[in-house]
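[1] predicted model follows, preceded by the sequence.
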Amino acid sequence: MKVKSPAKLNLHLEVLKKRKDGFHELRTVFQLIDLQDEIEFEVTSNKIDLVEKPLPIKDNLILKAAHLLKERTKATQGVKILLNKKIPMEKGLGGGSSNAATTLVVLNKLWETNLNKDQLIKIGLELGSDIPFFIHGINSWAEGRGEIFKPLILPNQWFLLAFPKTNISTRMAFSDIHIPKTSPITKQEFLNGNSKNSFTNWAKEKFPEIKKIFDQLKSLGVPKLTGTGSTLFLSFKNEKEAQKGLEVFPQGILVRSLDHSPLTGLME
């Protein structure tokens with residue numbers, strides 16, 4: 001079975017507080033985009049193997065997800081997995097989390113382990129806070145660690161993505177962040193046009209390259225940071241406007257919004 005594993009943008013990301021369990025309480029808006037890795041799964045007798053292109057990835061969440069599902073469900077089969085990586089890593093696009101979610105959903109189907117969506121989300125949350133969203137597979141307003149979803153209809157959009165060379169690990173970003181005591185933005189306020197990313201000022205101050213690209217993009221609109229960074233993005237209502245933006249900033253790439261993940265059909 002060959003499937004596509006999509007990236008996401010955080011159109012809004014607000015860190016509210018550090019929780020007693022060590023994680024952070026969030027409010028965020030997840031938007032799926034058509035920048036996608038390709039993953040192929042072939043059921044085997046027992047062993048779990050992963051082949052990665054173009055390069056091996058240290059501590060790949062795909063392997064962790066496959067082994068955890070096998071352990072929890074006592075599945076007897078194995079799998080050979082081929083990953084064709086297209087989503088840049090440590091850029092705030094959720095590629096690793098998406099790959100892990102894809103692995104859980106697809107193997108649940110191929111191994112016939114018959115877990116429902118909530119059970120898969122619970123397993124996914126053990127591996128990473130973004131994984132539940134990719135299992136959920138629908139653009140959402142999210143709270144908690146990012147696993148409590150509220151429906152949100154987002155307009156079809158185009159995005160210009162800018163990829164600084166700077167890589168930012170999620171762990172470093174959360175360990176470094178200062179959380180001011182302010183009233184959080186509500187879902188309705190977001191729908192009225194209010195949004196933020198709690199990591200934006202931190203990233204601009206810590207990484208001069210990110211500030212430089214922010215300043216370059218300001219002539220085209222309101223640049224935003226996704227996740228903990230370092231990808232910056234601009235939103236456009238249609239392809240024509242997006243192409244004009246790409247002409248001004250040709251080192252970026254254009255992507256489209258997705259309404260739902262390619263995985264949603266496998267969860268039915």
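    That came through fine. Residues are numbered from 1 along each chain as shown.

[2] do a quick rundown of the strands in this structure.
    Counting by DSSP state E, the segments of the chain that form strands are 2-18, 24-44, 48-53, 78-84, 140-144, 148-151, 158-162, 224-225, 232-236, 253-258.

[3] quick one: mean pLDDT over the second one.
    Computed over strand 24-44, the mean pLDDT rounds to 96.

[4] repeat for stretch 84-103
    Mean pLDDT, stretch 84-103: 95.

[5] give me the buried positions along it.
    Of the residues in stretch 84-103, 84-85, 87-88, 90-103 count as buried by neighbour count, 16 or more other C-beta atoms under 10 Å. Yep, even glycine has a C-beta here, placed from its N, CA and C like the rest.

[6] in helices, which of the residues you listed fall?
    Within the buried residues of stretch 84-103, residues falling in helices by DSSP state H are 95, 96, 97, 98, 99, 100, 101, 102, 103.

[7] so for stretch 137-152, mean pLDDT?
    For stretch 137-152, the mean per-residue pLDDT is 94.

[8] where does the stretch 151-268 of the chain dip in pLDDT?
    Within the stretch 151-268 of the chain, the set of residues satisfying pLDDT under 70 comprises 268.

[9] rerun at 80
    By pLDDT under 80, the low-scoring segments of the stretch 151-268 of the chain are 178, 180-181, 229, 267-268.

[10] which residue lies farthest from the center of the protein?
    residue 45 (31.6 Å; C-alpha atoms, centre = their mean).

[11] okay, now the residue nearest to that residue when sequence neighbours are not counted: neighbour count?
    Counting by C-beta to C-beta, 6 or more residues apart in numbering, residue 78 is the residue found nearest to residue 45 once chain neighbours are left out, at 5.7 Å. By other C-beta atoms under 10 Å, the residues close to residue 78 number 17.

[12] for residue 6, which residues make a bridge with it?
    Assessed by DSSP bridges, residue 6 has beta-bridge partners residue 36.

[13] for burial, what's the neighbour tally of it?
    The local packing of residue 6 (other C-beta under 10 Å) involves 25 other residues.

[14] wait, it touches residue 257, no?
    No: taking contacts as C-beta atoms under 8 Å, residue 6 lies outside contact range of residue 257: 10.4 Å.

[15] overlap in contacts, those two.
    In terms of C-beta atoms under 8 Å, 6 or more residues apart in numbering, residue 6 and residue 257 are both contacted by the residues 32, 33, 34.

[16] who's in contact with the last one?
    What that stands for is residue 34. With C-beta under 8 Å, 6+ apart, residue 34 has these contacts: 6, 255, 256, 257, 258.

[17] so the second one touches residue 158, yeah?
    Yes: Residue 255 sits in contact with residue 158 when judged by C-beta under 8 Å, with a separation of 7.3 Å.

[18] dump the residue contacts of residue 249.
    160, 162, 216, 217, 220.

[19] quick check: residue 220 vs residue 157, distance?
    Distance of residue 220 to residue 157, given as C-beta to C-beta, to the nearest Å: 14 Å.

[20] and what of residue 174?
    Residue 174 sits at a distance of 28 Å from residue 157 (criterion: C-beta to C-beta).

[21] kindly report the same for residue 208.
    For residue 208, the distance to residue 157 (C-beta to C-beta) stands at 29 Å.

[22] that's all I had, so thanks and see you.
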